[in-house]
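Student: What follows is a predicted protein model with its sequence.
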Amino acid sequence: MSKLVAQLAALALVLGGLAAFILTQNNGSAQAQDQQNSGQGEALDIDLASSVQPLTDFIPAAPTVVEVTRAGETENYAVYADTVGEALSLSGIEVGEKDKVSPSTDTKISTGDKITVQVVTTEEVVEEETIEYETVRENDDSLEKGKTKVETKGENGTAEVTYTVTVIDGEESSREETHRQITKEPTDEVVKVGTKEKEQQASSSSSTSSSSSSSSSTSSDDDSEDSSSDDSEESSSSGGAAPSSGVWAKLAQCESGGNWSTNSGNGYYGGLQFSGPTWKAMGGTKYAPTADKATPAQQIEIASKLQRQSGWGQWPACSRSLGLR
């Protein structure tokens, strides 16, 4: 009996020790599991913390406000852009190939900057223009001196002229003529200029001529010849008197009414109406700056030189009316 009790007590001790061992193992495993879970949590906290960004990183910077003037109209735009080109693009503003942008599209911008876009276009324009007629003066010995008569009334001509016009912001900037077509030739106005001497002057001239003839008849033939020779030489050497006859006198009468010192104000001078460049080119400036300040003889000398070089065409209307060409 006592032996059985001892065996039961030993068995109880064994079972108690086994239970304590199992309990100890379970507690260790739980602690280990807790430590493991705790480590994972810390790692997770570290990962989450490293991926979090400051809230300010998600708030965009303030937009750039620029003033844009296009074709004369101005508006303000708030854009997230760095350059002029980006600002225009983001603002929906179209820039044509020929448009002018100031400042240039690659210029950096900041708030308050002003951008100007000039809209440039080109177009073809056809206009009708007037061709003014010229006035041709012709001598008429049936009219008294000082009188004129319009024989043919002048009429202006017309021409269709094509221009390429450049327009900036709706205003014409420049134009270039590209084509011209004459649709109506102008008609020259022909004016007859009287050359007939008045009757009173003719009578006086006739009386003077008779007196001279009577006086010369009392002189000897030798004296007449000497006197005539002297007068000719004096006239030639003086060169101051205007010739009263001959082709140059007639031409001067047609060109300037016989006024050898005229300055018409249209760029032509003297009895034979020299232009300044022609007078200079033919050597006339050795006598005077312009033809109207030279003597008739000097003008005739230069005119003769010009006629030999270029023909009567230098005086187109009058040489034609005088039958010189």
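Tutor: Now that the structure is in, tell me what you want to look at. Residues are numbered from 1 along each chain as shown.
Student: how about residue 176, secondary structure?
Tutor: strand (DSSP: H, G, I helix; E, B strand; the rest coil).
Student: what's the closest non-adjacent residue to it?
Tutor: Of all residues not flanking residue 176 in the chain, residue 164 sits nearest, at 5.0 Å (C-beta to C-beta, 6 or more residues apart in numbering). Glycine gets a C-beta too; all of them are placed from N, C-alpha and C.
Student: could you point out where the stretch 201-325 of the chain is predicted with low confidence?
Tutor: Residue ranges of the stretch 201-325 of the chain with pLDDT under 70: 201-241.
Student: list the buried ones in stretch 276-292?
Tutor: By neighbour count with 16 or more other C-beta atoms under 10 Å, stretch 276-292 contains the buried residues 278, 279, 282, 284, 287, 288, 290, 291, 292.
Student: Tell me who's in contact with the third one.
Tutor: This points to residue 282. 302, 305, 306, 309 (C-beta atoms under 8 Å, 6 or more residues apart in numbering).
Student: Distance-wise, check residue 118 relative to residue 267.
Tutor: Per C-beta to C-beta, to the nearest Å, residue 118 is found 41 Å from residue 267.
Student: Could I get the full set of helices for the chain?
Tutor: Using DSSP state H, the helices of the chain run over residues 2-51, 84-90, 199-217, 221-238, 247-256, 276-281, 296-310, 316-321.
Student: Name the nearest residue to residue 173, ignoring sequence neighbours.
Tutor: residue 166 is the one closest to residue 173 (C-beta to C-beta, 6+ apart), at 4.7 Å.
Student: And the one you found, how far from residue 292?
Tutor: 45 Å.
Student: Repeat that for residue 65.
Tutor: Residue 65 is 71 Å from residue 292, by C-beta to C-beta.
Student: try residue 256
Tutor: For residue 256, the distance to residue 292 equals 9 Å [C-beta to C-beta].
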